[in-house]
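Asks: What would the 3D arrangement of this be:
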Amino acid sequence: MTGVRLQADVLVVGSGAGGAPTAALAAEGGHDVVVLEEGPMVRQGEVVPFSLAQMDRQYRAGGVTPALGLPTITYTEGCCAGGGTEINSGLYRRPPEEVLARWGLDGDDVAELYAICDEVEKELSVQTVPGAQIPGSELLRRGAAALGWQHDESPRWMDYSAGPDARQGRRRSMTETYLPRATAAGARLLTGHRVDRLILDGRRAVRAELSTADGQRGTIDFRDVFVCGGAIQTPAMLQRSGLRRAIGRSLAVHPTVKLTARFTDAVNVPDDVPVHQVKEFAPDLSFGGSASNPGLVALALSDSWGRFGEAVTDWRRMAVYYAAITSQGRGRVLALPGLRDPLVTYRLTRRDKELLGQGLARLALLLLEAGATAVYPAYRGAPIVRTPADLATLRATFSAGRASVMTVHLCSTVPFGAGHDAPADTLGLLRATTNVRVNDASLLPDAPGVNPQASVMAVAIRNVRRYLESVR
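Replies: Purely as a prediction, here's the structure:
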C-alpha cells in the first residue's frame, strides 16, 4: 500500500462532539494525537446555515439518507470538521437524572458527569438568548402558554458578543472550541481522510487503513484508538474491521414528524431555528421548531403537493415545526462487502406510530392557539387544519406509513454497559479488544429524550480522562 503513512500515540477517528474533546484532552495530556476526519474543513460563515450549499459541503449524502423500514426514516449526518456540531442549531440539554439512572449511573458517576457539564457549558458559552427571539420561537412559546403546557427556552452554545438578538449569535461549535485546543496542544487534524478499517493483531488494533479525498491510500500506526465517527459510521467501520459482536444492532433515534404553519404576519427566518421547546408530554413526546428556508418549506409541503403546493408562494408567513418521540423501536447498521456506506434499517413499534399521530395533532392544536391561520401536516392525504374541529380528520387520516418521518439524533449502536453482553464497557473500551475505544453517540445505551450532544461530550470527556489516568 502506498501513499499516506502516519504514526501516532493516539488515533482519533472523527472530530465531532465526541472526537474533538477526546483529541483536545489527549493532546493536552502530552500524547501525540492524530485526528482523521473524512469530511472537509468548512469555517463558520463560509456557507449559509441550512442552505443547499451547506448540505452539499458539510452533510453526508447531501443531507438525506434513508433508514429502511415501514415507514422509511430519513436521517442526517454531518461530514466535516466538527461533525454534527457544525450543522445543527447548537441546542443544549443536560442528560436528565432519570436517563443516567436508566444507563446504570448514579451517585458519584452522576456528580462527575454534571461537573463535566459545568465545564462544557463554560467552554461553549452555553446560554439562553439575551435579547429578542426569532418570531417562530415566540409563536411556540405563545401557543404553549395559551394551552398551559410546560415549555422553556433551550440554551445554545452561542457567543452573543456581536449583539443580543438570536440571529446575532455565533455558534461555539467544535471548530471554534475543542479542535483549536487540540491543535494548539500539538494534535494533527487531517481532513479529507477516511478510516476504512482497523487492522488487529489478536485483540489489539495496531494500524488503520485509510483513504483520502484525492484518491490516495495509506496507513497510520498507533498505540491506542478512539473511534468517534457517529452512530452510523462508527459501527460500520468496526464491522469492516472484523469487530461485529453486538455492534450495530441497537440503533436508537428520536423519530420526528413535521408540519408547516401559516400566520397572518411574516414569521419566516431562513437561516435560524426556534429555541423554545414544549415538554408537556416529555419524555415520550416534545415539540420544537425546524429550519424554514423556502426550499425546506416546499419540502415539508411536498407530501400533498397537489393541494398544498400553491401555499409555498406565501413562505414568508410560514414556518416549519416538529413533533419528536422517544422511540421504543430499534434499528440496525450493517456494513456490506463492496459497499462504501452501510445498510441502515429501523422498525417503529405500534406505540411509536400511534404516538407520532398524537404528537402531530397536539402540535397542530398548539400552533392554532399561537395564531396560525392554516396548518399543513407532512403526510400524504393530510387535510389542511384551520380550526380545532379539523384535528379529528387529521387523527383519522394520519398513518406513519404515509408520513415523512425523519431524525437528526442517532445513538446506541455500540452501547456501553456493566454486563458482558454490552459490546463496550462503561468507559467505552470494546470488550473484544484491549485498545479500541468508542467515544461518541454510539456509546449511549439509548436515546436520551433530549438533544444528545451534551450527553456525548460529558461521557467522552469522562472516558478520555480515565484513559489518561490509566496510561500515565
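
Asks: After the least confident helix or strand in the chain by mean pLDDT, which helix or strand is next? Please name it.
Replies: Sorting the helices and strands of the chain by mean pLDDT, DSSP states H and E puts helix 52-58 at the bottom, at a mean of 88. For helix 52-58, the succeeding helix or strand toward the C-terminus, using DSSP states H and E, is strand 65-67.

Asks: Whichever helix or strand comes after that next one pairs with which strands?
Replies: With elements assigned by DSSP H and E, the helix or strand that comes after strand 65-67 is strand 73-75. Sheet pairing of strand 73-75 (DSSP bridges) gives strand 65-67 (antiparallel), strand 405-407 (parallel).

Asks: quick revisit: and the least confident helix or strand of the chain, what other elements does it pack with?
Replies: With contacts defined as 3 or more CB pairs under 8 Å, 6 or more residues apart in numbering; DSSP states H and E, helix 52-58 has no helix or strand neighbours. Placement of C-beta: from N, CA and C, glycine included.

Asks: which residues does the residue nearest the centre of the chain contact?
Replies: Nearest residue to the geometric centre of the chain (CA atoms, centre = their mean): His409, 3.9 Å. Listed by CB atoms under 8 Å, 6 or more residues apart in numbering, the contact partners of His409 are 253-254, 441, 447, 451-452.

Asks: And Ala282, by the same measure?
Replies: Counted by CB under 8 Å, 6+ apart, Ala282 has contacts 150, 449.

Asks: Surely it forms part of a helix?
Replies: No - with DSSP: H, G, I helix; E, B strand; the rest coil as the criterion, Ala282 is located in coil rather than a helix.

Asks: Need the CA coordinates for stretch 145-158. PDB is fine.
Replies: C-alpha atoms of stretch 145-158 as PDB (Å, rounded to 0.1, in the frame of the first residue of the first chain):
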ATOM      1  CA  ALA A 145     -48.700  29.300  27.300                       C
ATOM      2  CA  ALA A 146     -52.200  29.600  25.900                       C
ATOM      3  CA  LEU A 147     -52.700  25.900  26.500                       C
ATOM      4  CA  GLY A 148     -51.000  25.800  29.900                       C
ATOM      5  CA  TRP A 149     -48.400  23.400  28.600                       C
ATOM      6  CA  GLN A 150     -44.900  23.100  30.100                       C
ATOM      7  CA  HIS A 151     -42.300  24.900  27.900                       C
ATOM      8  CA  ASP A 152     -39.000  26.600  28.100                       C
ATOM      9  CA  GLU A 153     -36.100  28.000  26.000                       C
ATOM     10  CA  SER A 154     -33.400  25.500  25.200                       C
ATOM     11  CA  PRO A 155     -30.000  27.000  25.800                       C
ATOM     12  CA  ARG A 156     -27.500  27.100  23.000                       C
ATOM     13  CA  TRP A 157     -23.700  27.100  22.600                       C
ATOM     14  CA  MET A 158     -23.500  30.600  21.400                       C
END
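
Asks: Just the buried positions in that stretch, please.
Replies: For stretch 145-158, the neighbour count (16 or more other CB atoms under 10 Å) marks 147, 149, 151, 153-158 as buried.

Asks: what does the longest helix belonging to the chain rub up against?
Replies: The single longest helix within the chain, with elements called by DSSP state H, is helix 350-369. Here helix 350-369 makes contact (CB under 8 Å, 6+ apart) with 139-140, 142-144, 146-147, 149, 255, 257, 259, 261, 278, 281, 284-285, 287, 321-325, 327-329, 348, 375, 377, 379, 385, 387-388, 391, 394-395, 398-400, 403, 405.

Asks: if we can go back for a sec, the strands paired with strand 73-75 into CSV, with extra columns for mean neighbour count, mean pLDDT and distance to Gly309?
Replies: Shown next, in CSV, are the strands paired with strand 73-75 (neighbours: other CB atoms under 10 Å; pLDDT from 0 to 100; distance: least, CB to CB, whole Å):
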stretch, mean neighbour count, mean pLDDT, distance to Gly309
strand 65-67, 19, 94, 23
strand 405-407, 24, 96, 20
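
Asks: which residue packs closest to Glu176, ignoring adjacent ones?
Replies: Using CB to CB, 6 or more residues apart in numbering and skipping residues adjacent in sequence, the residue nearest Glu176 is Gln44, 6.8 Å away.

Asks: how much space is there between Val438 and Asp425?
Replies: Using CB to CB, to the nearest Å, Val438 is found at 10 Å from Asp425.

Asks: Quick check: neighbours shared by the two?
Replies: Counting by CB under 8 Å, 6+ apart, the residues touching both Val438 and Asp425 are Phe416.

Asks: Which one of those two is surrounded by more residues?
Replies: Set Val438 next to Asp425 and count neighbours by other CB atoms under 10 Å: Val438 wins out with 31 against 16.

Asks: Thought Ala231 was touching that one, still the case?
Replies: No - using CB atoms under 8 Å, Val438 is not in contact with Ala231; the gap is 10.0 Å.

Asks: And the strands in the stretch 101-250 of the chain, which stretches?
Replies: Remark: strands assigned in the stretch 101-250 of the chain by DSSP state E, counting those that start in this stretch are 126-127, 151-153, 156-159, 170-171, 188-191, 193-201, 204-212, 217-227.

Asks: Please work out which of the ones you listed is packed deepest.
Replies: Stretch with highest mean neighbour count among these: strand 156-159 (a mean of 22; mean count of other CB atoms under 10 Å).

Asks: which residue packs closest to Asp265, ignoring adjacent ones?
Replies: Closest residue to Asp265 apart from its sequence neighbours, by CB to CB, 6+ apart: Arg317 at 6.5 Å.
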